[in-house]
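Engineer: Turn this into a model:
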Amino acid sequence: MGADHKENLNVVVDPMVFRTADVFLRGLKGVTQSPELKHPETMWKAISNNIGSLCAFFDILVLEKRLPMYDYNITFPPDIDTVSMNL
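Structural biologist: Numbering: from 1, shown residues only. All right, here's what the predicted structure looks like:
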């Protein structure tokens, strides 16, 4: 991608917004089938406590044509074990 290439990306979405939407859209069945150990009640309580992120996701989804996603793990030095840090 060259410097003159424009992606028309107008928004930076907080990873927590994406994560909240991901859990919500998977639903109860998706959360329980996830390879990660999760407790569905805990996940749904987290969504309830973070309902603003879910609303923000759907607002952004309606208003923007494209939503960029960033892999924040690549911003950490390679000697940091981000997996054990749950990042």
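
Engineer: What about Arg26, how many residues nearby?
Structural biologist: For Arg26, the neighbour count with other Cβ atoms under 10 Å is 15. Where C-beta positions appear, they are placed from N, C-alpha and C, glycine not excepted.

Engineer: what residues does the helix or strand that contains it touch?
Structural biologist: Here Arg26 sits within helix 15-33, counting by DSSP states H and E. Residues from elsewhere that reach helix 15-33 (Cβ atoms under 8 Å, 6 or more residues apart in numbering): 34, 38, 40, 43-44, 46-47, 50, 53-54, 56-58, 60, 69-70, 72.

Engineer: in this structure, which ranges drop under the pLDDT threshold?
Structural biologist: 1-7, 32, 34-38, 71-76, 80-87 (pLDDT under 70).

Engineer: hmm, 80 instead?
Structural biologist: Scanning the chain for pLDDT under 80 picks out the ranges 1-10, 28-41, 68-87.

Engineer: Next up, the contacts around Asp79.
Structural biologist: With contact set as Cβ under 8 Å, 6+ apart, Asp79 has no partners.

Engineer: In three-state terms, label it for me.
Structural biologist: What DSSP: H, G, I helix; E, B strand; the rest coil gives for Asp79 is coil.

Engineer: Report the separation between it and Tyr70.
Structural biologist: Asp79 sits 21 Å away from Tyr70, going by Cβ to Cβ, to the nearest Å.

Engineer: Helices of the protein, residue ranges please.
Structural biologist: For the chain, the helices defined by DSSP state H cover 15-33, 40-49, 51-63.

Engineer: between those helices, which one is nearest to Asn8?
Structural biologist: Taking Cβ to Cβ, helix 51-63 is the member of those nearest to Asn8, at 13.2 Å.
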